[in-house]
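1. Below are the sequence and a predicted model for it; my questions follow.
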Amino acid sequence: MLPLLADGLSLLADGSSTFFFPPEESTFAANVDGLFDFIYWLSAAFFVAIVAVMIYFVLRYHQRAGHVEQPSASHHDILEITWSVIPSILVGFIFFFGFTNYLNMREPPENAYEITVAAKQWSWEFFYPNGASSDELHIPAGRPVKFTLQSADVLHSFYIPAFRIKMDCVPQRYTYSWVVANRATNEDTSDGDAKTNDDHSPYDLFCAEYCGQDHSVMITKVYVHEQGEFDVWVENAANYLEGKSPAEGGQLVFKKKGCTQCHSIDGDNSAKFAGPALNGQWGTERNVIPRGASSPETVVMDDNYVRESVREPNAKVVVGRKPVMPAFTPALLKDDEITALIAYLKSLK
Ligand code: HEC
Ligand SMILES: [Cu+2]
């Protein structure tokens, strides 16, 4: 609460920033903010005017000694036409401006660069046309980028406040969004001043639809690159296991695919993690309940068990744990990534 208050005060002091919103970082942002400000100040003006007239009428006409009651007017053409026509024009303007902008935001241009966004409980993954994937979003600046949104489980919402875009990710169906980012961000992952962004830090990407226990950690970053730098990034991202030992590569896969959200690698088995700690487990026995069975069975953590655990997590569920691990299909996790994961888990003491 206190940092929030301090933030608010510094905003009031700094006249250059937008009061309600983070900096405008996409070509949509100025229109969205313009319409918001128009509606906001219109409402504020009418609020003041209506309350002022109300107070005046109360003072002028209230029942009191010596006050003679006056007949109410039943009809006043000029007044009635005025209060119908002016609001109609205002509402018509709001509708026209809002609807044309809405249509524009709904229709990605033909030449857009396409990124597939996969939302799942509780992480984001982005797939690029060359086969690369990442858990943070990277896009080129100054060019339309189309997002094809999908969800592996429940409703999520793809929300990038700096771009003023928000769209639901719906299971069993594809939805779309698009954007043109104004400028490149720097590589620094530290959060700058979210309201002015003088240091061009990367933007926040949120899930804006309550989607279960860890909804609040379904957050990632958006990096915007100049086209040339983006081409290099996406090329490297596609070959990210190249030149690495399997265990090193596995560590990257483990982070990139969001395993870290549910599994500690330091023995922490607390409720913070939905799944069991994975260090020191290689070759050890555990009790699992096979799918459909009612009594536990003992299995050893080996190559086949790890592979099955990621491809079909519910085939054998660790005793005392809930079957909440998502299945990593070949589209989400390639075979060479599983091989690297196995080497990594083997190396964890
Ligand atoms: C949403 C939380 C979640 C995510 C994300 C997740 N897991 Fe799990 N994982 C679990 C839970 C819960 C269990 C225990 C229940 C079960 O066996 O399915 C588990 C079990 C496992 C097991 C068996 C552990 C044991 O001691 O027998 C392995 C291996 C494993 N996960 C690996 C991974 C890897 C690798 C990833 C990333 C590709 C991953 N998990 C992502 C929740 C998760
Ligand atoms: Cu979500």
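-> Yep, it's here. Ligands and ions are numbered 1, 2, ... in the order given.
2. residues making contact with stretch 289-308?
-> 281-288, 314-317, 319, 338, 341-342, 345 (C-beta atoms under 8 Å, 6 or more residues apart in numbering). Every C-beta, even on glycine, is put in place using the N, C-alpha and C of the backbone.
3. Among those, name the buried ones.
-> Using 16 or more other C-beta atoms under 10 Å as the burial test, these include 281, 282, 286, 288, 316, 317, 338, 341, 342, 345 as buried.
4. So for the strand or helix carrying residue 342, mean pLDDT?
-> Assigned by DSSP states H and E, residue 342 belongs to helix 335-347. In this model, helix 335-347 has a mean pLDDT of 93.
5. That one near ligand 1 anywhere?
-> Yes - residues of helix 335-347 are located near ligand 1 by C-beta under 6 Å from any ligand atom, namely residue 341.
6. What of stretch 296-310?
-> Yes - counting by C-beta under 6 Å from any ligand atom, ligand 1 is contacted by stretch 296-310 at 301, 306, 309, 310.
7. With neighbour count, secondary structure and distance to ligand 2 added, can I get these in a markdown table?
-> Below are the residues of stretch 296-310 next to ligand 1 laid out as a markdown table (neighbours: other C-beta atoms under 10 Å; DSSP: H, G, I helix; E, B strand; the rest coil; distance: C-beta to the ion, whole Å):
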| residue | neighbour count | secondary structure | distance to ligand 2 |
| --- | --- | --- | --- |
| 301 | 18 | coil | 30 |
| 306 | 20 | helix | 27 |
| 309 | 25 | helix | 23 |
| 310 | 20 | helix | 21 |
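8. Closest to ligand 1 out of the residues you listed?
-> residue 309 (3.7 Å; C-beta to the nearest ligand atom).
9. Quick one: name the residues of this protein near ligand 1.
-> Counting by C-beta under 6 Å from any ligand atom, the residues of the chain near ligand 1 are 257-259, 261-263, 274-276, 278, 281, 286, 301, 306, 309-310, 313, 317-318, 321-326, 328, 333, 341.
10. How about stretch 148-159, which residues are buried there?
-> Neighbour-count burial for stretch 148-159, counted by 16+ other C-beta under 10 Å, picks out 148, 149, 150, 151, 152, 154, 156, 157, 158, 159.
11. Ignore what I typed, I meant stretch 332-347.
-> Result for stretch 332-347 [16+ other C-beta under 10 Å]: buried residues 332, 333, 337, 338, 339, 340, 341, 342, 343, 344, 345, 346.
12. same question, stretch 233-240
-> So, applying 16+ other C-beta under 10 Å, buried residues of stretch 233-240: 233, 234, 237, 240.
13. With secondary structure as new columns, can those be given to me in TSV?
-> Listed next are those as TSV, based on DSSP: H, G, I helix; E, B strand; the rest coil:
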residue	secondary structure
233	helix
234	helix
237	helix
240	coil
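14. By pLDDT, give me the weakest of these.
-> For these, the pLDDT minimum is residue 240, 81.
15. Surely it touches residue 252?
-> Yes - assessed by C-beta atoms under 8 Å, residue 240 is found in contact with residue 252 at 6.2 Å.
16. SS state for residue 157?
-> strand.
17. Checking residue 220 next. Helix, strand or coil?
-> strand.
18. can you pull the contacts of it?
-> So residue 220 contacts 123, 124, 135, 136, 137, 205 (C-beta under 8 Å, 6+ apart).
19. Quick check on the residue of the stretch 101-250 of the chain found nearest ligand 1: phi, psi?
-> Proximity of the stretch 101-250 of the chain to ligand 1 (C-beta to the nearest ligand atom) peaks at residue 121, 6.1 Å away. Main-chain torsions, residue 121, degrees, to the nearest 10: phi -70, psi 110.
20. How many neighbouring residues does it have?
-> 22 (other C-beta atoms under 10 Å).
21. so it touches residue 274, yeah?
-> No - at 9.6 Å, residue 121 does not count as touching residue 274 under the criterion of C-beta under 8 Å.
22. tell me, what's touching these two both at once?
-> Overlap of the contact sets of residue 121 and residue 274 (by C-beta under 8 Å, 6+ apart) consists of 214, 324.
23. thinking again about what came up before, I'd like to know which elements the helix holding residue 342 is packed against.
-> helix 246-256, helix 303-311 (3 or more C-beta pairs under 8 Å, 6 or more residues apart in numbering; DSSP states H and E).
24. Take those helices and write them to JSON lines, including mean pLDDT and distance to residue 180.
-> Output for these, formatted as JSON lines (pLDDT from 0 to 100; distance: least, C-beta to C-beta, whole Å):
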{"stretch": "helix 246-256", "mean pLDDT": "90", "distance to residue 180": "27"}
{"stretch": "helix 303-311", "mean pLDDT": "95", "distance to residue 180": "37"}
